[in-house]
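Colleague: Sequence and predicted structure, then a few things I'm wondering about:
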Amino acid sequence: MAAGKIDEHTHNTGSTSFSGADWVAMNFTASESYTITSVKLNLFKTGTPGTLTVSIRNTTADVPSGGDLASGTFNANDLLASPGQYEEITLGAGYSLVSGTKYAIVCRCVAASVYWGRGLTYPGGGRCTSANAGVNWGAESVVKMNFETWGTPSSSIPSDQVVVRRLVAAGNNKFYYEDL
Amino acid sequence: MAAGTMKELAAADGDIDTSDQLNMFEAFQKVFVVNGANLKIADFVNHKLSTADIRPNDTTNIAPLKGTILTGGTSNATMVVDYCNATNGAALVYGYVTSGTFDEAAEVVTGTNASGTITAVSFTLDAVPVAKPHWYDWTVMNNDTSTYGTMPNKAYLGCLYRGRCVLSGNPEYPYQWYMTRQANPFDIAYAANDAQSPVAGGNSDAGEIGDIIRAVIPYKDDYLIFGCATSMWYIAGDPAEGGSLNELDLTVGMFGANSWCFDGAGTMYFWGTNGIYSTTIPGTPKCISQFSLPAIVGDEGADPSTHRITMAYDRSRAGLLISITLLADGSNSNYFYDLRTVDKTGVGGFFPEVYPEECGPYSLFYYAANDTAYRDLLVGCRDGYIRKFSNSSKDDDIGDTNETISSHVVFGPIPAGSDPFKKGKLTKLECVTAGGRSNGSQLDTDAASYKVFADDSAEGVLEKIYADIPSIAGTLKTPGRQRGGSIRKKVSAAFLGIKLFNSTATQTWGFEQLLIVLKDFGRIK
């Protein structure tokens, strides 16, 4: 199945820059279960920022946590100048996201500076920033970075219901059921 | 919580007798347990409300009926009633919550029944919530037998057919079957006169008492098959809406409640009067074991009172497993019927297997689990474990330890001479075993051995095979085709039998070809 756009926030009112140890992340809530294979971010550059790395991480208390679940790189020297455009960064083999779970798109680049477009209207998450290369994060839920997530749905037919099929068994005068 | 982890439903402990016949079937997101006098329900969908008095005012209140919508007085939660176990006094009400959360400790719940002289429902809750699943007696609605009929005193057979719960195997009326109202397992008043009415009946020509029913087998919502002691019958369609009762076979009966299965093509297989049969529905049962296993019924000596025969279609391995287990000790005899080997006569190969007694199959079930890791043919074993077949394990799991698998294949008796009057001499035997390519990706066989049995009669070869008196024996060079792998020990006779085998722990084996060279060696005297 071809990858399609699944989650997005495209309202644009400004931008946030990042470089070196200054990282920026955007939380988003997976609207369905799917394998994320790439993201498209509204980016532009100044100078020669070098390699841009984008990754997907879990979140805890609305800030990124743990290591990269999937990641990809992009030569940020190839970015356009302001106002820039949406660039696609592929995320290797991708990662299976679970519907309703909050994840973070984490961005960093080698040198100054890459600018990431932002807006105000996405309800499923907000911006996070780190001044020490992702060791500590601060959440700014009002600010929403632009993004599109692309991937393939885990099921070709979306479902809001979880259908459980469980095993039951009887033995030794007792009744057992699969604890799903 | 995890797939593959079984949890005990504590409320059921001791409520069933697994030393007696027990059947279960799924319907309406519940499990119906049919175990003689123990007719029970494990309810995985409903919420339970408890009250000390379901009808606090006899002149203005009534117990809720199936389908009545109840509303919590303070919580405003709502529930559609599925079942209530009493008409008056202390009662439990089970239903599907459509909104909110009931305040179970003290809330007044109200509703209005759709029919009756008194329709107002009002009662006060008196117990905290209990998590699903719920376990309760399978009775008629409100335990009101005057309105909803009386459940049979005992039943050992059950299934779901066309939205009706079917019961049978009542020792008091072993020829009788009972069907609840369509979409209502709590109504068995089969005097009603509508298309969804409960129904009861037997399988016979008019005026006769029917045959003893040993199995009730639904085939989709199209047919319900009755496997009887000496005959087979089926209902086509719905018995209360134009359905018909028909004979499938009046000369073949069925062994027991679980001695049947369907393959992926909808063909039914069962253990019947003279062996293993296959049939379409409708159709005429054909004994598929009559040529390759003509004496299987006598050889196995299975008795319904002491043995269980279970059958299941293994979707992964494209075959049927037929298990005959002595309930007392788990000793067993099994056949894998390989549908991939079905020949032009429509019959496949039977591969006999014996499992450790701990693994004696009490039940077989192909579990089409959501989690593919657990999607397999499951074997409910005598020792209480649920096992599945492993393609990689080299020994049988018997609990804390493993047991060596002993396997063999026998060829013969093979005429050794070029005509029926001549003997022959085996001058070369070579077995090409599995694998053997250096740096190959396919698995190599472990070691394997051979024995050659020789006699001047075919019967004599069989006797020597059974008595294990080989003329020559040894070990094959493995894996693959080995230089110097030919066995040149010579043996002459009119007939030969060749056995390849392995009985060593943590080993498995396979072979591709058995090559033998024979030369005429004089006349048979």
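Modeller: Thanks, I have the structure now. Residues are numbered from 1 along each chain as shown, chains lettered A, B, ... in the order given.
Colleague: What residues does B:Gly480 make contact with?
Modeller: B:Val432, B:Thr433, B:Ala434, B:Gly435, B:Gly436, B:Arg437, B:Asp444 (Cβ atoms under 8 Å, 6 or more residues apart in numbering or on different chains). The way it works is simple: take the backbone N, C-alpha and C, and place the C-beta from them, glycine included.
Colleague: Separate out the buried members of the residues you listed.
Modeller: Buried by 16 or more other Cβ atoms under 10 Å in any protein chain shown: B:Val432, B:Thr433, B:Ala434, B:Gly435, B:Gly436, out of the contacts of B:Gly480.
Colleague: which one is the last one nearest to, not counting chain neighbours?
Modeller: Spelled out, it's B:Gly436. Excluding the flanking residues, the one nearest B:Gly436 by Cβ to Cβ, 6 or more residues apart in numbering or on different chains is B:Gly480, at 1.6 Å.
Colleague: In strands, which of the buried ones among the contacts of B:Gly480 fall?
Modeller: In this view, the buried ones among the contacts of B:Gly480 that belong to strands under DSSP state E are B:Val432, B:Thr433.
Colleague: Confidence-wise, which of the buried ones among the contacts of B:Gly480 comes last?
Modeller: Here the lowest pLDDT out of the buried ones among the contacts of B:Gly480 sits on B:Gly436, with 85.
Colleague: does that residue really touch B:Arg481, like I thought?
Modeller: Yes: assessed by Cβ atoms under 8 Å, B:Gly436 is found in contact with B:Arg481 at 6.5 Å.
Colleague: Mind pulling up the pLDDT for residue 105?
Modeller: By default, I'm working from chain A. 97.
Colleague: my bad, chain B
Modeller: 74.
Colleague: Return the residues in contact with it.
Modeller: B:Leu125, B:Asp126, B:Ala127, B:Val128.
Colleague: Next: B:Gly484.
Modeller: B:Gly484 neighbours (Cβ under 8 Å, 6+ apart): B:Lys477.
Colleague: Enumerate the beta-bridge partners assigned to residue 70.
Modeller: You didn't say which chain, so I picked chain A. A:Ala70 forms beta bridges with A:Ile56, as assigned by DSSP bridges.
Colleague: Oops, wrong one, chain B.
Modeller: B:Leu70 forms beta bridges with B:Met79, B:Gly111, as assigned by DSSP bridges.
Colleague: separation between it and chain A?
Modeller: Distance of B:Leu70 to chain A, computed by Cβ to the nearest Cβ, to the nearest Å: 24 Å.
Colleague: for B:Lys7, same thing?
Modeller: 4 Å.
Colleague: any idea how far A:Ala169 is from that residue?
Modeller: B:Lys7 sits 11 Å away from A:Ala169, going by Cβ to Cβ, to the nearest Å.
Colleague: can you check B:Asp82 too?
Modeller: From B:Asp82 to A:Ala169 the distance is 24 Å (Cβ to Cβ).
Colleague: out of these two, which sits in the more crowded spot?
Modeller: The neighbour count for B:Asp82 versus A:Ala169, taken as other Cβ atoms under 10 Å in any protein chain shown, is higher for B:Asp82 (24 against 18).
Colleague: near chain B, which residues of chain A?
Modeller: A:163-180 (Cβ under 8 Å from any Cβ of the partner chain).
Colleague: dump the residue contacts of the closest residue to B:Tyr219 other than its chain neighbours.
Modeller: Once flanking residues are discounted, B:Tyr219 sits nearest to B:Ile281: 5.0 Å by Cβ to Cβ, 6+ apart. Contacts for B:Ile281 (Cβ under 8 Å, 6+ apart) come out as B:Tyr219, B:Asp222, B:Tyr223, B:Ile225, B:Tyr234, B:Leu248, B:Gly266, B:Met268.
Colleague: Report the buried residues of stretch B:233-252.
Modeller: Buried residues in stretch B:233-252, counted by 16+ other Cβ under 10 Å: B:Trp233, B:Tyr234, B:Ile235, B:Ala236, B:Asp238, B:Pro239, B:Ala240, B:Leu245, B:Leu248, B:Asp249, B:Val252.
Colleague: same check, this time on stretch B:29-43
Modeller: Neighbour-count burial for stretch B:29-43, with 16+ other Cβ under 10 Å as criterion, is recorded at B:30-36, B:38-43.
Colleague: Select from the residues you listed every entry located in strands.
Modeller: Per DSSP E, the buried residues of stretch B:29-43 map to strands at B:Lys30, B:Val31, B:Phe32, B:Val33, B:Val34, B:Asn35, B:Asn38, B:Leu39, B:Lys40, B:Ile41, B:Ala42, B:Asp43.
Colleague: Chain A: which of the residues you listed is nearest?
Modeller: B:Val31 (5.2 Å; Cβ to the nearest Cβ).
Colleague: quick check: longest helix of chain B.
Modeller: Ranked by residue count, the top helix of chain B under DSSP state H comes out as helix B:458-467.
Colleague: Mark out where each domain of chain B begins and ends.
Modeller: Annotated domains of chain B cover B:10-143, B:407-523 [automatic domain parsing].
Colleague: just to revisit the earlier point, now for the contacts of B:Ile281: which two are most distant?
Modeller: Maximum pairwise distance in the contacts of B:Ile281, criterion Cβ to Cβ, is 14.5 Å, between B:Leu248 and B:Gly266.
Colleague: Between the two ends of stretch A:167-175, what distance do you get?
Modeller: By Cα to Cα, to the nearest Å, the extent of stretch A:167-175 from end to end equals 11 Å.
Colleague: Other residues contacting it?
Modeller: Counting by Cβ under 8 Å, 6+ apart, A:176-178, B:6, B:8-9, B:12-19, B:22, B:24, B:31, B:33, B:35, B:40, B:42, B:135, B:365, B:367, B:369, B:374, B:378, B:380, B:384, B:386 sit against stretch A:167-175.
Colleague: Whichever of those end up buried, select them in ChimeraX.
Modeller: To isolate the buried ones among these in ChimeraX, judged by 16+ other Cβ under 10 Å, type:
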select /A:176,177,178 /B:9,12,15,16,18,22,24,31,33,35,40,42,135,365,367,369,374,378,380,386
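Colleague: from the contacts of stretch A:167-175, which ones fall inside strands?
Modeller: Checked against DSSP E, the contacts of stretch A:167-175 include these in strands: A:176-178, B:6, B:8, B:24, B:31, B:33, B:35, B:40, B:42, B:135, B:365, B:367, B:378, B:380, B:386.
Colleague: can you pick the most crowded of the contacts of B:Ile281?
Modeller: B:Ile225 (25 neighbours).
Colleague: pretty sure that one is in a strand, no?
Modeller: Yes: the assignment for B:Ile225 by DSSP: H, G, I helix; E, B strand; the rest coil puts it in a strand.
Colleague: how about it, what does it touch?
Modeller: Residues counted as contacts of B:Ile225 (Cβ under 8 Å, 6+ apart) are B:Ala215, B:Val216, B:Ile217, B:Pro218, B:Tyr219, B:Met232, B:Trp233, B:Tyr234, B:Leu248, B:Met268, B:Ile281.
Colleague: could you redo the last one with a cut-off of 6 Å?
Modeller: B:Ile217, B:Tyr234 (Cβ atoms under 6 Å, 6 or more residues apart in numbering or on different chains).
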